[in-house]
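Chemist: Structure, please.
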Amino acid sequence: MSSEPKTATATTHGLDGRRVLMMLVGFFGTVFAVNFYFAYASISTNTGLVAEEPYVKGLGYNKRIAASDRQAGLHWTADLGVTTAGAVDLMLRDAAGEPVRGRVVALNIGRPATERFDRALVLAEAYPGIYSAATSGLEPGNWVVDAEVRSARGGETEFRLRRRLWLKQ
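Modeler: Numbers count the residues shown, from 1 in each chain. Down below sits the predicted model:
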């Protein structure tokens, strides 16, 4: 018999508890880090504010619905014309097709994605039922027009118009 002690050489290539623990910690650490980054990025870049003073606007919601019902009861029609030269015309007709006269038309025209190009105009009655104004030239592209029609004596808005236009060159 040999007196030399036998040495066992351990070559473990399988999974042991330490490796499994390190893989789990690495996996969930990565998931938490990515989730934290996305949460931070979304909170820091978007305030979540959809409207200025949403509570106050919410209080006036029923008034806005009533005004919309009153406008629908008028049965007015509006034809809007805008040119790249900056001419703005609004023709108002009542339910019988007669021109709507003696009104004050406040109009705002601007790009849909920015307020940088917004222009506020007051249209004057050029012909019976046709209200006109001119502004500096408008670039071709997408524009949004908001108009409010009031009686010449002032008071509440009688008619609102919102149109999206595509001006060609």
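
Chemist: where does the chain dip in pLDDT?
Modeler: 1-12, 49 (pLDDT under 70).

Chemist: swap the cut-off to 80 and go again
Modeler: Within the chain, the segments meeting pLDDT under 80 span 1-13, 46-52, 169.

Chemist: Now for it: which helix has the highest residue count?
Modeler: Secondary structure of the chain per DSSP state H: the longest helix is helix 17-45.

Chemist: and that one, which residues are buried?
Modeler: Neighbour-count burial for helix 17-45 flags no residue at all (criterion: 16 or more other C-beta atoms under 10 Å). Placement of C-beta: from N, CA and C, glycine included.

Chemist: which helices and strands does it pack with?
Modeler: Helix 17-45 makes packing contacts with no helix or strand when contacts are defined by 3 or more C-beta pairs under 8 Å, 6 or more residues apart in numbering; DSSP states H and E.

Chemist: Let me see the ranges of the strands in the chain.
Modeler: Along the chain, counting by DSSP state E, strands occupy 77-82, 87-93, 103-110, 119-127, 130-134, 141-151, 154-167.

Chemist: Need the ones you listed in a markdown table (columns: distance to residue 20 and mean neighbour count).
Modeler: Formatted as a markdown table, the strands of the chain follow (distance: least, C-beta to C-beta, whole Å; neighbours: other C-beta atoms under 10 Å):
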| stretch | distance to residue 20 | mean neighbour count |
| --- | --- | --- |
| strand 77-82 | 69 | 14 |
| strand 87-93 | 72 | 19 |
| strand 103-110 | 61 | 18 |
| strand 119-127 | 67 | 14 |
| strand 130-134 | 75 | 18 |
| strand 141-151 | 57 | 17 |
| strand 154-167 | 59 | 12 |
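
Chemist: got JSON lines for those strands, with distance to residue 45 too?
Modeler: Output for those, formatted as JSON lines (distance: least, C-beta to C-beta, whole Å):
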{"stretch": "strand 77-82", "distance to residue 45": "35"}
{"stretch": "strand 87-93", "distance to residue 45": "36"}
{"stretch": "strand 103-110", "distance to residue 45": "24"}
{"stretch": "strand 119-127", "distance to residue 45": "30"}
{"stretch": "strand 130-134", "distance to residue 45": "39"}
{"stretch": "strand 141-151", "distance to residue 45": "25"}
{"stretch": "strand 154-167", "distance to residue 45": "27"}
